[in-house]
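In: How does the following fold in three dimensions:
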Amino acid sequence: MKWYVLYTAAKAEKQVEQRLKADGVEVFLPLHRTPRKWSDRVKMVEVPLFLSYIFVRCTDEVLRTLTRKSGVSRIIFHNSAPATIRLKEIQAIKDFLSKADGKECEFHIDETVQVVAGPLKNVKGIVVKVTKDYLILVIQPLHIRVKIKADQVLK
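Out: Here you go, the predicted model:
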């Protein structure tokens, strides 16, 4: 069996993954955590590393039937044949994701950040101290120090 690449409908990667797994197909959907900004907060969410792409390991015959699944747009081809991905390339992606896992957005002293939630929304400040959950910022025009949750600021 070989690894192949499927192109999915926009933002349907996770649903396609669940459908294919339910049918017994081996699926690899590389996900990474990234901050997403809403009007009142910033939250870490898992998003696909490759938008609209999903990897499947199956026979060529099974691959041809997967285009009938809801959310699967097409099979990716290369030189008139379904594109195959080598196992070492799949493993390299997995290794990269495991090394990146847990490395949240790190803040550094003297870095300028913008507050995206709370009463200081849209104010910029300079990081002077970093703790596990909070940052101490100096708001420049006023030269005041504020303590703010790390999930309420963006670089």
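In: Every contact and neighbour count from this point should use C-alpha atoms.
Out: OK.
In: got the domain boundaries for this structure?
Out: 2-100, 112-154 (automatic domain parsing).
In: what about the longest one, how long is it end to end?
Out: Taking C-alpha to C-alpha, to the nearest Å as the measure, domain 2-100 stretches 26 Å from start to finish.
In: and residue 106, which of the domains of the chain is closest to it?
Out: Smallest distance to residue 106 across the domains of the chain (C-alpha to C-alpha): 9.2 Å, for domain 112-154.
In: quick one, helices of the chain?
Out: 13-22, 60-65, 87-100 (DSSP state H).
In: Please name whichever of those helices is nearest to residue 111.
Out: helix 87-100 (21.6 Å).
In: circling back to that earlier point, winner for burial among the helices of the chain?
Out: Sort those by mean neighbour count, taking mean count of other C-alpha atoms under 10 Å, and helix 13-22 sits at the top with a mean of 16.
In: Show me what that helix is in contact with.
Out: 8, 26-29, 48, 51-54, 69-72 (C-alpha atoms under 8 Å, 6 or more residues apart in numbering).
In: out of these, which are buried?
Out: 8, 27-29, 48, 51-54, 71-72 (16 or more other C-alpha atoms under 10 Å).
In: just those residues now: which is nearest residue 145?
Out: residue 48 (37.4 Å).
In: Find me the pLDDT at the nearest residue to the closest one once chain neighbours are set aside, would you?
Out: Nearest residue to residue 48, sequence neighbours excluded (C-alpha to C-alpha, 6 or more residues apart in numbering): residue 31, at 4.4 Å. As predicted, residue 31 sits at a pLDDT of 91.
In: and what of residue 13?
Out: Looking at residue 13, its pLDDT stands at 96.
In: Please apply the same query to the one 5 residues further on.
Out: Looking at residue 18, its pLDDT is 96.
In: what about residue 75, how many neighbours?
Out: 20 (other C-alpha atoms under 10 Å).
In: what are the bridge partners for it, then?
Out: residue 6 (DSSP bridges).
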